[in-house]
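> sequence first, then the predicted structure, then my questions.
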Amino acid sequence: MKALYITLYTTALILLIIVLLGGSISEPVFDSLSSRTLHKAGVKKEAIDSIDSRIDEAFFQVKKMEYQVEKFKSFITGKQLNESDFQRESNAVFGRNIYNPLISMLNYIYRFVFFLLSLMLLLAGAITHVVYRNMELRRRVNNLEKAVYG
């Protein structure tokens, strides 16, 4: 029984450390859990990336048209045109504004659940510890009574 409460205490401590360091050291673990949860719920990263690439393509088409207009203006005015302003960019609108906040929200939910699990294991360890100490004390009192009263 002593090994049980020591195991419960140790497991609770490890879970508590994982929860407290969830924003830095164990962040990849929580990110992986969250992305798997979203994948099982039907929100696939590949679909988000596909939508983002289509949006980026639409933005690029607008920039190409803008570039043609600016090219015509620069031909008339004789001003140099900066072509780097009209390059393809990755905006990741859905990934940055929808998918990543969902991942971080699920990270907080998982960290909270692990924190509650850690508290329950700690309380189970404390209850087991008290029961073990009570049984041990009762055994000692019985041994002492036998020694004193014969």
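Perfect, thanks for sending it.
> ok, for residue 6, nearest residue in space, not its chain neighbours?
The shortest distance from residue 6 to any non-neighbouring residue, by Cβ to Cβ, 6 or more residues apart in numbering, is to residue 125 (7.9 Å). Any C-beta I mention is one placed from the backbone N, CA and C, and that applies to glycine too.
> so what's that neighbour up against?
5, 6, 7, 8, 9, 12 (Cβ atoms under 8 Å, 6 or more residues apart in numbering).
> pull the contacting residues for the first one.
Contacts for residue 5 were tallied using Cβ under 8 Å, 6+ apart; they are 125, 126, 128, 129, 132.
> sticking with it, tell me its helix or strand.
Residue 5 belongs to helix 2-20 when assigned by DSSP states H and E.
> what residues of that helix count as buried?
Using 16 or more other Cβ atoms under 10 Å as the test for burial, helix 2-20 gives 5, 8, 9, 11, 12, 15, 16, 18, 19.
> out of those, flag the one nearest to residue 39.
Using Cβ to Cβ, residue 18 is the member of the buried residues of helix 2-20 that lies nearest residue 39, at 22.0 Å.
> now that closest one: how far from residue 140?
Note on residue 18: its distance to residue 140, by Cβ to Cβ, to the nearest Å, is 38 Å.
> got it, and residue 34?
In this view, residue 34 and residue 140 are 51 Å apart by Cβ to Cβ.
> which of the two has more neighbours?
A count of neighbours by other Cβ atoms under 10 Å puts residue 34 above the other of residue 34 and residue 140, at 19 against 10.
> need the pLDDT of that one.
For residue 34, the pLDDT comes out at 93.
> contacts only, for it.
Residue 34 neighbours (Cβ under 8 Å, 6+ apart): 102, 103, 104, 106, 107, 110.
> just send those residues back as a markdown table, with neighbour count, pLDDT and distance to residue 62 too.
Below are the contacts of residue 34 laid out as a markdown table (neighbours: other Cβ atoms under 10 Å; pLDDT from 0 to 100; distance: Cβ to Cβ, whole Å):
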| residue | neighbour count | pLDDT | distance to residue 62 |
| --- | --- | --- | --- |
| 102 | 16 | 93 | 28 |
| 103 | 20 | 93 | 29 |
| 104 | 15 | 92 | 31 |
| 106 | 19 | 94 | 34 |
| 107 | 19 | 92 | 35 |
| 110 | 18 | 93 | 40 |
